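Peer 1: let me see the structure of the following:
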Amino acid sequence: MCTVVIDVAERGAARLLAVRDEDPQREWDALGEWWPDAYPGVSGIRDRRAGGAWLAVNPTEHRLAVLLNRADVVDLADDVAVSRGSLALESVAGRSPIAPLTMHGFNLLEVRPEGSRVLSWDGAELRETPISDGIHMIAHDDLDDPETPRIAAWLPEFRALGPAADSLDWPADWTTLLGASARLDPEDDRAIIRDNRPHGYPTQSLLYCTASVTPAGVDVDYRALPSPGHWDH
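Peer 2: Next comes the predicted model:
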């Protein structure tokens with residue numbers, strides 16, 4: 001139940017804040033070039049268990065991808081399902097998923113020189129949602145979904161900050177607002193920094209990244225939270 005806030009500006013440019021929710025017992029590696037043979041030059045946050053990436057970036061090609069889980073509409077046995085960890089890596093290598101897929105549901109956020117989009121798979125259908133200019137949010141359902149409490153609560157607040165490109169320090173502005181959102185209890189369904197266990201999932205917010213992808217280059221900053229589901233005040 002991860003969360004991404006993204007500001008799409010001129011064609012191929014975007015700035016984003018991505019918060020990762022995962023089981024704290026599932027170990028990961030911080031941003032790095034963990035796949036030098038299969039994906040040379042690609043950096044990402046690696047899931048040690050499956051070897052894939054939650055977020056991946058290809059600076060040379062000005063590509064970035066983030067993987068968010070979403071619910072299935074059909075049953076898929078875990079012993080049949082293929083790991084989703086390759087999706088972000090393949091995306092920044094220029095290979096987006098093609099249906100049908102033997103995978104559980106996902107939202108794959110892609111930032112590319114030709115524009116940003118979300119590819120959504122629910123187990124039956126793969127849909128593409130282009131992201132228009134402006135500030136948007138996505139979690140476990142559709143882009144800017146008004147029925148997702150954290151989007152309904154915080155998307156207006158992020159939009160009120162104005163275009164990230166106009167800020168002298170947009171990552172500081174956005175993470176300050178993220179910190180303000182963390183005054184909510186992490187079990188509150190409006191929370192961005194989350195503890196999803198009361199909602200039936202073992203996941204908690206573990207880390208966040210800010211990233212910019214512009215014609216001038218790609219920049220990513222990685223920060224782990226001091227403890228799962230809790231903001232460092």
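Peer 1: contacts for stretch 143-163 next, please.
Peer 2: 3, 5, 7, 9, 118, 129, 131, 134-141, 167, 170, 173-174, 177, 180-181, 189-192, 194 (CB atoms under 8 Å, 6 or more residues apart in numbering). Heads up, the C-betas are built off the backbone N, CA and C, glycines and all.
Peer 1: what's the first-to-last distance across that stretch?
Peer 2: Start and end residues of stretch 143-163 are separated by 18 Å (CA to CA, to the nearest Å).
Peer 1: could you tell me how far that stretch lies from the centre of the chain?
Peer 2: 15 Å (CA atoms, centre = their mean, to the nearest Å).
Peer 1: cool, stretch 138-154 as well?
Peer 2: Distance, centroid of stretch 138-154 to centroid of chain: 13 Å (CA atoms, centre = their mean).
Peer 1: again, but for stretch 220-233
Peer 2: Worked out by CA atoms, centre = their mean, stretch 220-233 lies 15 Å from the chain centre.
Peer 1: just stretch 180-188 next, same as before
Peer 2: Using CA atoms, centre = their mean, the offset of stretch 180-188 from its chain centre is 19 Å.
Peer 1: give the rounded mean pLDDT of that stretch.
Peer 2: Averaged over stretch 180-188, pLDDT sits at 96.
Peer 1: list of residues touching that stretch?
Peer 2: With CB under 8 Å, 6+ apart, stretch 180-188 has contacts from 150, 153-154, 157, 190-195, 197-198, 204-205, 229-231, 233.
Peer 1: show the buried residues in the contacts of stretch 143-163.
Peer 2: Buried by 16 or more other CB atoms under 10 Å: 3, 5, 7, 9, 118, 129, 131, 135-141, 170, 174, 177, 181, 191-192, 194, out of the contacts of stretch 143-163.
Peer 1: hang on, A50 is in a helix, isn't it?
Peer 2: No. Using DSSP: H, G, I helix; E, B strand; the rest coil, the assignment for A50 is coil, not a helix.
Peer 1: three-state assignment of D173?
Peer 2: What three-state DSSP gives for D173 is helix.
Peer 1: what residues are up against it?
Peer 2: By CB under 8 Å, 6+ apart, the neighbours of D173 are L161, A164, S167.
Peer 1: so where do the strands sit in the chain?
Peer 2: 3-8, 14-22, 28-32, 43-47, 53-58, 63-69, 106-112, 115-121, 126-130, 134-138, 204-214, 217-224 (DSSP state E).
Peer 1: list the buried residues in the longest one.
Peer 2: Put plainly, it is strand 204-214. Of the residues in strand 204-214, Q204, S205, L206, L207, Y208, C209, T210, A211, S212, V213 count as buried by neighbour count, 16+ other CB under 10 Å.
Peer 1: farthest pair in those?
Peer 2: Q204 and V213 (27.6 Å; CB to CB).
Peer 1: what pLDDT is listed against the residue most central in space within the chain?
Peer 2: Residue closest to the mean C-alpha point of the chain, counted by CA atoms, centre = their mean, is V66 at 4.1 Å. According to the prediction, V66 has pLDDT 98.
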